[in-house]
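K.L.:
Build me a model from this:
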Amino acid sequence: MNPSVAVVILNWNGKAFLQKFLPGILLSQYDNLQVIVGDNASTDDSVAFLTEHFPTVKIIQNDLNYGFAGGYNKVLDRVDADYFVLLNSDVEVTPNWIKPVIDLMESDSSIAAAQPKIKSQLKKNDFEYAGAAGGFLDIYAYPFCRGRLFNVYESDHGQYNDQKEIFWASGAAFFIKSKCWIETGGLDADLFAHMEEIDLCWRLKNLNYKIMYCPNAEVFHVGGGTLQTENPFKTYLNFRNNLIIMQKNLPADDAIFRITIRMWIDFVAWWHFLLSGKPKFTMAVSKGHWHFIKSVFKTNRKRSSVQKPYAKHAGVYNNSVVWAFFIKKIKYFSKLS
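P.N.:
Residues are numbered from 1 along each chain as shown. Sure, this is the predicted structure:
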């Protein structure tokens, strides 16, 4: 029998997405599967809808909206399976999207987490923002993906059909061995949402685990289903959380250097938002930096005793992706040196 897999969808007022995509998930071709919806204290009628129309789906209800990170932690505390799959509610799956990833992860005991190929649900031949063909970090820990640099999305021509070790797997369709989830304590609930999966992958990599991309499985992501891209709160979370995960996971001396440089790069973004007439986004960057500084001592207590040298991690691009994209006008991952 195949290892047991729990596909867990964290829902918050997402009845429309559940109605649209849950039927396909229930048709997944895998013989040892449970599908669970963790509800993050929705105020719509999601739970009543599930109870009436999807009685085979297990529902685990949180008493409050704990965000993506805290919500999943609380739900997965009550789930028993060999593998957890954290799946966004706005993801359309293909019938055979689970087994290729599980087979890959079963082939190597050092693989802790993985993701399938993630493409746009709206433009199905294009890669999607949240994950594409696997996540990477640049020299200053700026995240990007194969198939997506900033706002440029490549079409899928099979150019990323190679199985590859990456830095981070997307939280949109995140496969992880349950024992590795338990070993690391799951997601950092203080991050609330955004980059919590990068932090988890970084902690796993510091423990010498691998994160993989599986091209033989494919899903389609709507994107922005819970928090739209053009939202100052999302900007705040991204700028704050990126600095926090750098402090948590880099060796101490390296963290000071890279965070200092990164904050200056963020200052360029601050000016860009200001000159573009987006004062709310300018304030979001400032707020993100301020809250990072306020939490330095708390974050320091979360640092583990193991931090591998940054450049030794697979999935690190040892140049600046910001410089490559905006100054050198490189728009595609394959063109990065």
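K.L.:
what about the closest residue in space to Asp63 that isn't next to it in sequence, neighbour count?
P.N.:
Spatial nearest neighbour of Asp63, excluding adjacent residues (C-beta to C-beta, 6 or more residues apart in numbering): Ala41 at 6.3 Å. C-beta: built from backbone N, CA, C; applies to glycine. Applying other C-beta atoms under 10 Å, we find 15 other residues in the vicinity of Ala41.
K.L.:
Test my guess that Ala41 contacts Trp12.
P.N.:
Yes: using C-beta atoms under 8 Å, Ala41 is in contact with Trp12, at 7.4 Å.
K.L.:
now the residue in the chain sticking out farthest from the centre, what's its secondary structure?
P.N.:
The centre of the chain is farthest from one residue, Glu52, which by C-alpha atoms, centre = their mean lies 31.0 Å away. Recorded secondary structure, Glu52: helix (DSSP: H, G, I helix; E, B strand; the rest coil).
K.L.:
and the gap between it and Ala41?
P.N.:
19 Å (C-beta to C-beta, to the nearest Å).
K.L.:
again, but for Tyr140
P.N.:
Taking C-beta to C-beta, one finds Tyr140 at 37 Å from Ala41.
K.L.:
what do you get for Ala324?
P.N.:
From Ala324 to Ala41 the distance is 42 Å (C-beta to C-beta).
K.L.:
Same check on Trp290?
P.N.:
Following C-beta to C-beta, the distance that separates Trp290 from Ala41 is 28 Å.
K.L.:
Kindly report the same for Leu50.
P.N.:
Counting by C-beta to C-beta - Leu50 and Ala41 are separated by 14 Å.
K.L.:
Kindly report the same for Glu154.
P.N.:
Taking C-beta to C-beta, one finds Glu154 at 38 Å from Ala41.
K.L.:
ditto for Gly67
P.N.:
11 Å.
K.L.:
three-state assignment of the closest residue to Tyr236 other than its chain neighbours?
P.N.:
Among residues not flanking Tyr236 along the chain, Ala284 sits closest, at 4.0 Å (C-beta to C-beta, 6+ apart). Recorded secondary structure, Ala284: helix (three-state DSSP).
K.L.:
Ile244 and Ser295 touch, don't they?
P.N.:
Yes: the pair Ile244 and Ser295 qualifies as a contact (C-beta under 8 Å) at a distance of 6.7 Å.
K.L.:
out of these two, which sits in the busier spot?
P.N.:
Set Ile244 next to Ser295 and count neighbours by other C-beta under 10 Å: Ile244 wins out with 23 against 16.
K.L.:
So for the more buried one, what pLDDT did the model give?
P.N.:
Note for Ile244: predicted pLDDT of 98.
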